[in-house]
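Peer 1: Quick one, what's the 3D model for this:
(one chain, ligands or ions: 1)
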Amino acid sequence: MTNDQTHVIVGASVAGAKAAETLREDGFDGRVVLVGTEDERPYERPPLSKDYLRGEAGREKVYVHDEGFYAEHDIELHLGTTATGLDTSSNELELAGGARLRYDRLLLATGSEPRRLAIPGGELDGVLYLRTVGDSDVLRERLDRGGTTVVIGAGWIGAEVAASARQRGLEVTVIEPASVPLERVLGAEVGAIYRDIHTDHGVQMLMGTGVEAFEGDKAVERVRTTDGRVLECDFVVVGVGVQPRIQLATQAGIDVDNGILVDEHLHTSAPGVFAAGDVANAHHPFYGERIRVEHWANALHQGPAAARNMLGHATAYDRLPYFFSDQYEVGMEYSGFAREWDRVVFRGDPATREFIAFWLRGDRVVAGMNVNVWDVSDPIRRLLGERVAVDDRRLADPDIPIDQLVTAPRGGVA
Ligand SMILES: Cc1cc2nc3c(=O)[nH]c(=O)nc-3n(C[C@H](O)[C@H](O)[C@H](O)COP(=O)(O)OP(=O)(O)OC[C@H]3O[C@@H](n4cnc5c(N)ncnc54)[C@H](O)[C@@H]3O)c2cc1C
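Peer 2: Below you'll find the model as predicted:
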């Protein structure tokens, strides 16, 4: 080892593990320390609400790296270890138990955690949350037992858990205050397509309704809704969103606001300290504003980008957001980031559940989602990235390849 520097990463999940890998790939031969609260080596969370939850995929499928990877690359992996304090003036990280670790560069990849429902009965047995592989094991065991479940929240986690539970044969009710599932991201029109997909599979979708209380003796037996219904159940799954884990940064005086604030180089307000993944609210050069993305692909790419910047590369992170979801036989990929749009244009008939939806603002596409249509997400991202003006008719025409809209925009030869 020729370099006597120490680079420390807090958070041993996708962003952290990929950052550690990149430090080595890019030739850093100093000390790399990866610290994580969980006892498992870094793993991916998407299967935890899908095939892993249904018992169709084993534990080996979820890991980011083979077991020997960290030792082979001389990455010191400290599992079951929580970083409890950070002193950015002395460049020291404090670990539970009191040990202190000096760093030259530090990456905060502490991710996010489920929001808890603070309502009567919220602490009863059988009120479950899903974030870790352990949570998924507990939930899987419940699915094995069958019965009736109520899912609180029709965001991505709630929708996927509802689908998996239904696929395992349970009776499922979903409660959601918005008018349709996934409304915040997809809007009412496309959210309604997902409502129908769940209804068609036999899920009772109670939209426009909140949850008032969980009731039961020791374990939850009933859910009381804000519109006065009482739903009997064997267990409940709560999926009401996540919040970034910012405690370490806050306590160190690092700037935070809906996550740890970082610039386009993923650098925080403290010298030598970076943040990536779910926890980072990053300035995005393409959008000209800060965005915080709670998706796997963002963690996968931001971790390595932060690592390169820890090595002094000063590379701006400008990848367009991307995520995917699988519910029943319906797979989708969503590219872009749309807070506002004025219409949605469909290519293909949504009723067939094989279509592409484009969200537009003026004559620009701000997001695109391909549903059971594959190998188009790269052209969609090019369409977004080039900010080409398109007209709705051409966008909707399945005979015009999307890449032709990029190269021959509005009025061009198709
Ligand atoms: C069930 C489920 C299904 C999902 N499905 C999809 C999907 O289909 N598509 C998609 O795009 N995204 C999906 N996601 C989201 C995706 O998994 C996350 O965006 C991704 O895990 C973020 O990675 P991360 O490394 O930033 O943080 P996290 O995965 O949250 O990991 C952060 C790690 O840091 C550790 N940590 C926190 N604080 C400390 C500390 N002080 N000291 C030490 N360690 C600490 C935590 O214990 C945790 O292990 C899903 C998430 C879940 C939970």
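Peer 1: Might you name the residue of the stretch 201-350 of the chain sitting closest to the ligand?
Peer 2: Gly277 (2.2 Å; Cβ to the nearest ligand atom). For the C-beta atoms, the positions are set from N, CA and C on the backbone; glycine is no exception.
Peer 1: Find the nearest non-adjacent residue to that residue, please.
Peer 2: Excluding the flanking residues, the one nearest Gly277 by Cβ to Cβ, 6 or more residues apart in numbering is Ala15, at 3.1 Å.
Peer 1: so that neighbour touches Ala109, yeah?
Peer 2: Yes: in this structure, Ala15 is within contact of Ala109 by Cβ atoms under 8 Å, at 3.9 Å.
Peer 1: Find residues that contact each of the two.
Peer 2: Counting by Cβ atoms under 8 Å, 6 or more residues apart in numbering, the contacts common to Ala15 and Ala109 are 276-277, 299, 303, 306.
Peer 1: ok, so of the residues you listed, who is nearest Val390?
Peer 2: Of all these, Ala299 has the smallest distance to Val390: 30.8 Å, by Cβ to Cβ.
Peer 1: which parts of this protein sit against the ligand?
Peer 2: 10-16, 35-38, 45-46, 48-49, 82-83, 109-112, 130-131, 157, 245, 248, 277-278, 294-297, 299, 323-325 (Cβ under 6 Å from any ligand atom).
Peer 1: Repeat the analysis, applying 5 Å as the threshold.
Peer 2: Within the chain, the residues that sit near the ligand (Cβ under 5 Å from any ligand atom) are 10-11, 13-15, 36-38, 45-46, 48-49, 82-83, 110-111, 130-131, 245, 277-278, 295-296, 299, 323.
Peer 1: Greatest separation within the shared contacts of Ala15 and Ala109: which pair is it?
Peer 2: Ala299 and Ala306 (10.5 Å).
Peer 1: of the two, who's got more company?
Peer 2: Taking other Cβ atoms under 10 Å, Ala299 and Ala306 do not tie; Ala306 has more neighbours (33 against 27).
Peer 1: Now do the helix or strand where that one lies, average pLDDT.
Peer 2: Element membership of Ala306, judged by DSSP states H and E, is helix 296-310. Mean per-residue pLDDT for helix 296-310: 98.
Peer 1: for it, the distance to its chain's centre please.
Peer 2: Taking the mean C-alpha point of helix 296-310 and that of its whole chain, the gap between them comes to 14 Å (Cα atoms, centre = their mean, to the nearest Å).
Peer 1: Can I get that helix as PDB, trimmed to CA atoms?
Peer 2: C-alpha atoms of helix 296-310 as PDB (Å, rounded to 0.1, in the frame of the first residue of the first chain):
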ATOM      1  CA  TRP A 296     -32.000   1.900  -6.800                       C
ATOM      2  CA  ALA A 297     -30.400   3.200 -10.000                       C
ATOM      3  CA  ASN A 298     -29.600   6.500  -8.400                       C
ATOM      4  CA  ALA A 299     -27.800   4.700  -5.500                       C
ATOM      5  CA  LEU A 300     -26.100   2.400  -8.000                       C
ATOM      6  CA  HIS A 301     -24.600   5.300 -10.000                       C
ATOM      7  CA  GLN A 302     -24.300   8.100  -7.400                       C
ATOM      8  CA  GLY A 303     -22.100   5.900  -5.100                       C
ATOM      9  CA  PRO A 304     -19.400   5.500  -7.800                       C
ATOM     10  CA  ALA A 305     -19.700   9.100  -8.900                       C
ATOM     11  CA  ALA A 306     -19.100  10.200  -5.300                       C
ATOM     12  CA  ALA A 307     -16.100   7.900  -5.000                       C
ATOM     13  CA  ARG A 308     -14.500   9.400  -8.100                       C
ATOM     14  CA  ASN A 309     -15.000  12.800  -6.700                       C
ATOM     15  CA  MET A 310     -13.500  11.700  -3.400                       C
END
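Peer 1: so what does it touch, helix or strand wise?
Peer 2: helix 14-25, strand 105-108, strand 273-275, strand 322-327 (3 or more Cβ pairs under 8 Å, 6 or more residues apart in numbering; DSSP states H and E).
Peer 1: just the strands in the stretch 201-350 of the chain please.
Peer 2: Under the criterion DSSP state E, counting those that start in this stretch, the stretch 201-350 of the chain contains strands at 204-207, 211-215, 222-225, 230-232, 235-238, 242-244, 260-262, 273-275, 280-284, 289-291, 322-327, 330-336, 343-347.
Peer 1: most packed of those?
Peer 2: Across those, averaging neighbours per residue (mean count of other Cβ atoms under 10 Å) puts strand 273-275 on top, at a mean of 29.
Peer 1: Pull the distance from that one to the chain's centre.
Peer 2: So, by Cα atoms, centre = their mean, the centroid of strand 273-275 is 19 Å from its chain's centroid.
Peer 1: now it: mean pLDDT?
Peer 2: pLDDT averaged over strand 273-275 gives 99.
Peer 1: What is the neighbour count of His73?
Peer 2: Other residues close to His73 by other Cβ under 10 Å number 15.
Peer 1: Hmm, I typed the wrong one, I wanted Gly191.
Peer 2: Gly191 has 22 neighbours, counted by other Cβ under 10 Å.
Peer 1: Could you name the helices and strands sitting against the one helix or strand it maps to?
Peer 2: Here Gly191 sits within helix 183-200, counting by DSSP H and E. Helices and strands touching helix 183-200, by 3+ Cβ pairs under 8 Å, 6+ apart, are helix 156-167, strand 204-207, strand 322-327, strand 343-347, strand 364-371.
Peer 1: quick one, that helix and strand 322-327 angle?
Peer 2: 20 degrees (axes from the mean of the first three to the mean of the last three Cα atoms, to 10 degrees).
Peer 1: C-alpha coordinates for helix 183-200, CSV please?
Peer 2: What follows is helix 183-200, C-alpha atoms only, in CSV (Å, rounded to 0.1, in the frame of the first residue of the first chain):
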residue,chain,number,x,y,z
GLU,A,183,-50.7,9.6,-7.7
ARG,A,184,-47.8,11.8,-6.5
VAL,A,185,-45.4,10.5,-9.3
LEU,A,186,-47.7,9.3,-12.0
GLY,A,187,-50.7,11.6,-11.7
ALA,A,188,-54.4,10.7,-11.6
GLU,A,189,-54.7,9.5,-15.2
VAL,A,190,-51.9,6.9,-15.1
GLY,A,191,-52.4,6.1,-11.4
ALA,A,192,-55.9,5.0,-12.4
ILE,A,193,-54.4,2.4,-14.7
TYR,A,194,-52.6,0.9,-11.7
ARG,A,195,-55.7,1.0,-9.6
ASP,A,196,-57.5,-1.1,-12.3
ILE,A,197,-54.6,-3.5,-12.5
HIS,A,198,-54.9,-4.2,-8.8
THR,A,199,-58.7,-4.3,-8.9
ASP,A,200,-58.6,-6.8,-11.7
